[in-house]
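Asker: need the 3D shape of this:
(one chain, ligands or ions: 1)
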Amino acid sequence: MIVMENAVVTYPDFKLDCSLEVQEGTITGIVGENGAGKTTLFKALLGLVPIAAGSAKINGQDIAALSLTDREDIGTVLAESFFNDIYTIRDLNRLLKSFYRKFDESYFLAQCAAFGLPDKQPLKQFSTGMKAKLKTLTALSHGAQLLILDEPTSGLDVSARYEILDLLQDYLGDHPRCSILISSHISSDLEKLCDDIYYLKAGKILLHEETDRLLDAYGVLKVDDEALGRLDREHLLYRKRTNYGYDLLTDQRLFYMENFPKVIVEKPTIDQILLLIMEGERL
Ligand SMILES: Nc1ncnc2c1ncn2[C@@H]1O[C@H](COP(=O)(O)OP(=O)(O)OP(=O)(O)O)[C@@H](O)[C@H]1O
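Answerer: Have a look, this model is predicted:
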């Protein structure tokens, strides 16, 4: 559904250069630190910043060639976008009805009510969590076949985050051909939701893996200098110096468990994997 091939966006002090693919009916997560380029990537996909080289396509069409009708099939949440804060949900409902031909008013109003969002209160009186829920509900209310969601759970407490993630899962259940591209700082959110995960650092993709593989096949080896010398390094990806020697990241945990039984091999969380990539040295 989305294919980016070496798509380049340049700012004076930053360059995004990334390739990425989002398949139909799947949820793909982008994780990265502040300033990694997540928002820039999303803006590029939405045609809000120019792509200087490479290509970005949605359903086989170049982003720049998408018609207004094509764009109606994309539901978005962007960090900085929000509606005029003097509006109420009722005003917004009227507005969205005039924007989108497929706007589902009854879904929108019913979900707003289910999330406890007051329909007559101006949006300026909404809390951060209420605004975040409203942004996501808006993206889900016009029958989009592609959702591009930049940090939809940002600033939310755990229960509100889970409400949003559940909402997305329900949406996918009702729209099985829909695809979702979502970014977050919180890898556990993505672990719960995503089929595959990209790790973006300084404008480049450093890791792309299926979530199940990250959780099942990756491992961290704890070794001293001597043990490192005896190891087969073929399946080692990153290393990081520690007090006792090294933490080594592998995508073949079982190989090392079977062939090097004396070496401690731990099953890492996604956060631990990303931290090793972030702070470690590529092997
Ligand atoms: N309009 C712009 N002009 C110049 N530089 C920009 C512009 N927008 C973003 N940048 C720079 O591009 C880099 C990536 O920013 P971006 O907002 O894409 O990162 P991010 O991963 O979304 O960060 P965060 O998690 O903090 O939202 C940063 O160094 C930022 O300063």
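Asker: can you pull out the helices in the stretch 101-250 of the chain?
Answerer: 105-114, 128-140, 158-174, 187-193, 211-217, 225-230 (DSSP state H, counting those that start in this stretch).
Asker: thought Pro122 was touching Ile89?
Answerer: No. Contact between Pro122 and Ile89 fails when scored by C-beta atoms under 8 Å: they sit 9.7 Å apart. All C-beta atoms are positioned from the backbone trio N, CA, C, and that covers glycine.
Asker: who has more neighbours, these two?
Answerer: Each of Pro122 and Ile89 has its neighbours counted (other C-beta atoms under 10 Å); Ile89 has more, 23 against 14.
Asker: what sits closest to the more buried one if chain neighbours are left out?
Answerer: Asp119 (4.1 Å; C-beta to C-beta, 6 or more residues apart in numbering).
Asker: what does Leu200 give?
Answerer: Per C-beta to C-beta, 6+ apart, closest to Leu200 is Gly32, 3.7 Å.
Asker: could you check how far that neighbour is from the ligand?
Answerer: 5 Å (C-beta to the nearest ligand atom, to the nearest Å).
Asker: again with Asp166
Answerer: Distance check for Asp166 against the ligand: by C-beta to the nearest ligand atom, it reads 23 Å.
Asker: tally of neighbours for that residue?
Answerer: 12.
Asker: which pLDDT value goes with it?
Answerer: The model reports Asp166 with a pLDDT of 92.
Asker: any idea how far it is from Thr138?
Answerer: Remark: distance between Asp166 and Thr138 (C-beta to C-beta, to the nearest Å) = 17 Å.
Asker: quick one: mean pLDDT for stretch 133-141?
Answerer: 94.
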